[in-house]
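Q: Compute the structure for the input listed below.
(chains A, B and C)
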Amino acid sequence: MDIEAKLKEMGLTLPNPPQPVAAYVPAVQVGELLFLSGTTCYEDGEFLYTGRVGAELTIEQGYAAAQQTALNLLSVIKATLGSLDLVGRMVKLNGYVNSAPDFDRQPEVINGASELLVELYGERGKHARTAIGVSDLPAHIPVEIELIVQVNS
Amino acid sequence: MDIEAKLKEMGLTLPNPPQPVAAYVPAVQVGELLFLSGTTCYEDGEFLYTGRVGAELTIEQGYAAAQQTALNLLSVIKATLGSLDLVGRMVKLNGYVNSAPDFDRQPEVINGASELLVELYGERGKHARTAIGVSDLPAHIPVEIELIVQVNS
Amino acid sequence: MDIEAKLKEMGLTLPNPPQPVAAYVPAVQVGELLFLSGTTCYEDGEFLYTGRVGAELTIEQGYAAAQQTALNLLSVIKATLGSLDLVGRMVKLNGYVNSAPDFDRQPEVINGASELLVELYGERGKHARTAIGVSDLPAHIPVEIELIVQVNS
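A: Have a look, this model is predicted:
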């Protein structure tokens, strides 16, 4: 089954690719590596949530924000490559969590993105990862996630 | 017109490349990818500014610090490759902004670097990007920026 | 002398490779680049330290945590490649330091990792680097370090 069909079967919808809010582009490819810009939980041009996980937001909301962010990353991949099926491997994901002081459960938040990629792509979806807490993010978004993808040639 | 001539025409000067302050090197190339160390707003061996954007510094000062940081990154590229004209593509820029609590306009700060790269290199200067806020940076610098560059062969 | 023998001569021991605590894998290789997940100062399944450098921990403890983290990164390299001798070059290291407010000496902390890599690998160990301060990290660990390695073919 192709990846978009699988997404639909999971009841998830690919959003429109996010438009950069500043002087950069959504993705740049060099050889077989596609570098995606950090993005967040856009949904229909709004943010699904804003605020810090552990303060204004629960872990569950942070997880949902990370999942929505992964959908936005997938929409960038599709817009760049033409198809989600051209992903050879999800290589490296970095997740930055807008964290309340003393909030230390960033991995559970970023799992919202990681688990979606693995569920969709299986072995090809298993990626290296870094998850850290930060004191604030642009527009008080709860998560920002960037991704490196290997493209099939 | 070559890139250094364009810089001069813009009234900007390439600084001396920053010397790492610890156990690392300014850049490492693997194949066509050049990975640059995180650097900051050095100017004649001093920092252009120190402090947090949104507290000790304004957004305009943060923007100027990011532009100066981009000049330092360019000086590393020249020292490594021999010429700024050997850049095939600016690939990925990560900008860390030393942010006051609740400061959330990091993209406007990092634009100081991004807009310079695009103005200098045109299409080749358009890069993927991540901008985040952090609670502090080495020596209280306002920004730290790292870059991945594709080198023409 | 091979790298593991050199480690032993330095009185250091390669730990068991850390097991990811969430939905990701320790490392992914694409071509000659090996991307390692962010990891920390595991020692026999415990953390060598937890807490913020500049508050609960001294710089010396942060340095020791970064060195232990480098040993864990090396254990992942060995588990992935089969031998530490297959490293062509340490390319890029990013170090995130769990920092007390106003703590700005992150480079001295991350040197605990960088100096070990250079001592072990000499010229091949010299890497590009970014060191930043963050407000918190998963499980209150003091440092999180990720690494890109060039693999000999």
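
Q: Please identify which helix or strand holds A:L116.
A: Here A:L116, judged by DSSP states H and E, is contained in helix A:106-121.

Q: Report the rounded mean pLDDT for the helix or strand that that helix is followed by.
A: Counting by DSSP H and E, the next helix or strand C-terminal to helix A:106-121 is strand A:128-134. For strand A:128-134, the mean pLDDT works out to 96.

Q: on that earlier part again, could you say what helices and strands the helix holding A:L116 packs with?
A: helix A:3-9, helix A:59-81, strand A:87-98, strand A:128-134, strand A:143-151 (3 or more Cβ pairs under 8 Å, 6 or more residues apart in numbering or on different chains; DSSP states H and E). In short, each C-beta sits where N, CA and C put it, glycine included.

Q: hey, which of the ones you listed is tucked in deepest?
A: strand A:128-134 (a mean of 28; mean count of other Cβ atoms under 10 Å in any protein chain shown).

Q: Contact residues of chain A facing chain B?
A: Residues of chain A found near chain B (Cβ under 8 Å from any Cβ of the partner chain) are A:20-28, A:30-31, A:33, A:35-38, A:94, A:96, A:134-140, A:144, A:146.

Q: Which positions within the helix holding A:L116 qualify as buried?
A: For helix A:106-121, the neighbour count (16 or more other Cβ atoms under 10 Å in any protein chain shown) marks A:106-118, A:120-121 as buried.

Q: between the residues you listed, which is nearest B:V53?
A: A:Q106 (23.4 Å; Cβ to Cβ).

Q: Check whether that closest one really touches A:R129, as I assumed.
A: No - look at A:Q106 against A:R129 with Cβ atoms under 8 Å: they stay out of range, at 10.6 Å.

Q: Name the residues contacting each of the two.
A: A:G95 (Cβ atoms under 8 Å, 6 or more residues apart in numbering or on different chains).

Q: tell me how far the ends of stretch A:72-92 are from each other?
A: 16 Å (Cα to Cα, to the nearest Å).

Q: That stretch and chain C in contact?
A: Yes - shown here: stretch A:72-92 in contact with chain C (Cβ under 8 Å from any Cβ) through A:R89, A:M90, A:V91, A:K92.

Q: Please apply the same query to stretch A:28-46.
A: Yes - residues of stretch A:28-46 contacting chain C under Cβ under 8 Å from any Cβ: A:G31, A:E32, A:L33.

Q: I'd say A:G51 and A:H140 touch.
A: Yes - A:G51 lies in contact with A:H140 (Cβ under 8 Å); the separation is 6.1 Å.

Q: what touches both of those two?
A: Shared contacts of A:G51 and A:H140, defined by Cβ under 8 Å, 6+ apart, comprise A:N98.

Q: Pass me the low-pLDDT residue ranges in chain A, would you?
A: A:1 (pLDDT under 70).

Q: The residue nearest the centre of chain A and B:L81, how far apart?
A: With distances taken as Cα atoms, centre = their mean, the residue of chain A nearest its centroid is A:A70 (2.8 Å). Between A:A70 and B:L81 the distance is 36 Å, computed by Cβ to Cβ, to the nearest Å.

Q: cool, A:I145 as well?
A: Counting by Cβ to Cβ - A:I145 and B:L81 are separated by 31 Å.

Q: Name the nearest residue to A:L71, ignoring sequence neighbours.
A: A:P15 (5.6 Å; Cβ to Cβ, 6 or more residues apart in numbering or on different chains).

Q: Now do the same contact list for that neighbour.
A: So A:P15 contacts A:Y42, A:E43, A:D44, A:Q68, A:L71, A:N72, A:S75 (Cβ under 8 Å, 6+ apart).

Q: and the first one, how many residues sit next to it?
A: If I follow you right, that is A:Y42. Applying other Cβ atoms under 10 Å in any protein chain shown, we find 20 residues neighbouring A:Y42.

Q: Now A:Y49: which helix or strand?
A: Going by DSSP H and E, A:Y49 is not part of any helix or strand.

Q: Give me the phi and psi for it.
A: Torsion angles at A:Y49 (phi, psi; degrees, to the nearest 10) stand at phi -150, psi 160.
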